[in-house]
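Student: Return a 3D structure for these sequence lines:
(2 chains)
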Amino acid sequence: MRWDRPILTDSGGFQVFSLGDLRTISEEGVEFKSHLDGSKHFFSPESVMEIENDLGADIIMAFDECVEYPATYEYTKQSMERTTRWAKRCKAAHKRPEDQGLFGIIQGGFYKDLRERSAKDLIDLDLPGYAIGGISVGEPKKEFIDILQYTAPLMPKNKPRYLMGVGTPDYLIEAAIAGIDMCDCVLPTRIARNGTAMTWNGKVVVRNATYERDFTPLDAQCDCYTCKNYTRAYIRHLVKANEILGIRLLSIHNLRFLTKLMERVKIEIENDNLLSFRNEFYKQYGYDV
RNA sequence: GUGGGUGUAGCGUAGUUGGUUAACGCGCCAGUUUGUGGCACUGGAGAUCAUGGGUUCGAAUCCCUUCAUCCACC
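Tutor: Purely as a prediction, here's the structure:
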């Protein structure tokens, strides 16, 4: 893998999650039924690796099942064991290990012994990085943090630790506290598309009427292109008018907000001050500590 | 000027053999969104049914007045 340029990931394009009747899981793989025309599409660890190799992303994820919340112990166990078997098959089918990092995904739902089992078995595969999957799927925040803090220390210290699907500022800070190195999420761009900005003072739903004549930037403390050039009122106008520029500007801002947040997190880690920063942030951002 | 049509929420419409809280889309207002497909999902507010009068137990619906608007003719 190369670490000297922006890293491209597969963006979770092959997750197996919450598709209900449109999805049939077997040991061999997963059959998806298109909701558009009913056509069937079969994915296996091998076929997914072939696609990932063709795409050429720097980081590619093993084909796994993200179990929904809540799930029984028995189902979670069987699913986790299958995900581990799939990871082995992915590794065997991976044709570009020299320039594409195949990460394993630790499953096990909200059962600690299953998390431990999953981590150990995947670490045995000696993959270049590991992810925590299957949390941030609708569970209470307490349970999220509990499993996060239990699982992260099980992961190799000398390899990237990736938490999948986390995007709110508070969860990102909690992830950093737990020892996570990287996250990815649809949230910043999804809420941008629906007219919402993340700021150092909490969410700003800029599409709301209260910003109609607000000629200040989305976030006064932000140094992004959007905040340096556009007002809330104008962005609101663009969003309301269905003008693509509006959600582009919001996406630019939200992504910058998160990278800025992580820059700050790194500084606080160096200063050994992350926990008090978390508390300070919660107060300012509007969460209960 | 004559004949005919039309007037229902901000906009576009549905609803008339007269019968309980007048429907829908868009817009508007708000909430949701955590392993993305670009604009989604869930709620909510808003109409003295152009106007004045009449018939009737009861009128958006039937009759007349006025106004507005559209079409044709002059």
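
Student: wouldn't A:Lys240 be in contact with A:Val206 here?
Tutor: No - in this structure, A:Lys240 is not within contact of A:Val206 by Cβ atoms under 8 Å, at 9.8 Å. Placement of C-beta: from N, CA and C, glycine included.

Student: And these two? Which one has more around it.
Tutor: A:Val206 (28 against 14; other Cβ atoms under 10 Å).

Student: And the more buried one, how close does it get to RNA strand B?
Tutor: According to Cβ to the nearest atom of the strand, to the nearest Å, A:Val206 and RNA strand B sit 10 Å apart.

Student: and if you look at A:Lys203?
Tutor: Going from A:Lys203 to RNA strand B by Cβ to the nearest atom of the strand gives 7 Å.

Student: Just the element for that residue, please.
Tutor: Here A:Lys203 sits within strand A:202-205, counting by DSSP states H and E.

Student: Can you point out the buried residues in that strand?
Tutor: Judged by neighbour count using 16 or more other Cβ atoms under 10 Å, the buried positions of strand A:202-205 are A:Val204.

Student: what's in contact with the helix or strand that comes right after it?
Tutor: Once the chain leaves strand A:202-205, the next helix or strand it forms, by DSSP H and E, is helix A:225-229. Outside helix A:225-229, the residues that touch it by Cβ atoms under 8 Å, 6 or more residues apart in numbering are A:Pro217, A:Leu218, A:Asp219, A:Ala220, A:Ile235, A:Leu249, A:Leu250, A:Ile252, A:His253, A:Arg256.

Student: just curious, which of those residues is nearest to RNA strand B?
Tutor: Set against RNA strand B, the nearest of the contacts of helix A:225-229 by Cβ to the nearest atom of the strand is A:Leu250 (9.4 Å).

Student: Am I right that the closest one is in contact with A:Val206?
Tutor: Yes - with contact defined as Cβ under 8 Å, A:Leu250 counts as touching A:Val206 (7.0 Å).
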